[in-house]
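>>> what follows is a predicted structure for the sequence shown.
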Amino acid sequence: MRKIKIGLMGTGFSANIHMESYTRFVSEAEVVAVFGTGASASPFAARHGVRAFTDMEAFMNAGFDIADICIPNYLHHEACMTAAAAGKHTIVEKPMALTLEQADAMIAAFKNKNLKLMYAEQLCFTPKYERVRALVGAGAVGDVYMVKQAEKHSGPHSPWFYDKHKSGGGVMMDMGCHAMAWFRWMNKNAAVNSVYADMKTVYHSGITDCEDNTVAVVEFANGVTCVAENSWAKHGGMDDRVEIHGTKGVCYADLFYGNSSLTYSLDGYDYASEKAGSTKGWSFTMFEEAFNQGYPEELRHFVSCVRDDKQPLVTGEDGRAALEMIYAAYASAKSGAKVSLPFAAAVNYPMELWKGV
């Protein structure tokens, strides 16, 4: 069977995880080209034995089936529109775009060309969290009334994350988007009634006015309350965990501490986990980090959708819905009140709803 060919857009953290996932876990696909800005494309391509491109139009003519978009947020819209025009099925990393108008245009472009557009929310494919979802579906905890998701670390490495014009906002755009999409996944895409959020900049105020610590409460029409905790101010490495509370039980799961070795080292060592910082003293040493976070399962799913002409489980519409919830969260942080959905506003990026231009 012919392998599905991938054109990878990006050379940073996400792109490296996607490349590892394709190479190690998705045997039915192969990356044949990489797009990058500046001087990053050639070294990345050389390491992986693929062709390098710095021109987006030329890249789209590199003979691949799927465009995998792992570039900064402000480039998602342009990349998706270019991919649709070139006839490429596309998977786009989170968040989907900077504005709802961009998301709508992206969805329409792929529909008009009868192309597949998948929103890359890996929490919907994370093996441990999918086991939790199966338990809930089997009635293990009874009727669910509250769901929590927390994702925290000490902040991104790339400078563009701290520039609201490029990122669209801080930790809510970077990590809160995971919670919003996963809450919808757990609630079978039930309608959202309202979003309430508190946002602060508690640690990175010297380099950004973007929020680095948030708490959001999402109320669904089915009666389930969801709570998202997201932070760029938490030290000691990545933390990603969920709680499911029901009338007949409760379920707790985490992606990092429960999938690691507890290590003590006087001198430190090469790598413990994402955003871990120093490895001297006690640390949690991750095992199969990409697999545990759901990236291979997510990418294998989209490859199978393209190969077998199936609809992705997580679509552009799902990415747009998560972005609408993010809009509401920023508006709530500004007003101090719940914001009802549907919600729309004319902005250049979501954080504008909190702090203005």
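That came through, no problem.

>>> number of nearby residues for Phe44?
Residues within reach of Phe44, counting by other Cβ atoms under 10 Å, total 20. Bear in mind the C-beta positions are built from the backbone N, C-alpha and C, glycine included.

>>> distance check, it against Trp232.
Separation of Phe44 from Trp232 (Cβ to Cβ, to the nearest Å): 26 Å.

>>> over to Ala109?
32 Å.

>>> who's more crowded, the two?
Trp232 (26 against 20).

>>> how close does Glu274 sit to Val314?
Remark: distance between Glu274 and Val314 (Cβ to Cβ) = 22 Å.

>>> quick one: which of those two has more around it?
Legend: neighbour count by other Cβ under 10 Å for Glu274 and Val314, higher for Val314 (23 against 17).

>>> find me the pLDDT at that one, would you?
Per-residue pLDDT puts Val314 at 98.

>>> and for the one 4 residues further on?
The predicted local distance difference test score for Asp318 is 98.

>>> what is the burial count for it?
Counted with other Cβ under 10 Å, the neighbours of Asp318 add up to 21.

>>> is it true that it touches Asn189?
Yes: between Asp318 and Asn189 there is a contact at 7.4 Å, judged by Cβ atoms under 8 Å.

>>> quick check on Asp239: phi, psi?
Here is the backbone geometry of Asp239 (degrees, to the nearest 10): phi -130, psi 130.

>>> now swap in Leu313 and tell me
Main-chain torsions, Leu313, degrees, to the nearest 10: phi -70, psi -30.

>>> all further residue positions should be reported with the first residue as 48.
New numbering, starting at 48: the last item is Leu360.

>>> check contacts around the most centrally placed residue in the chain.
In the chain, the residue lying closest to the centroid (Cα atoms, centre = their mean) is Lys141, at 3.9 Å. Contacts for Lys141 (Cβ atoms under 8 Å, 6 or more residues apart in numbering) come out as 166-168, 224-225, 228, 366, 369.

>>> among these, which lie within strands?
Among the contacts of Lys141, DSSP state E puts 166-167 in strands.
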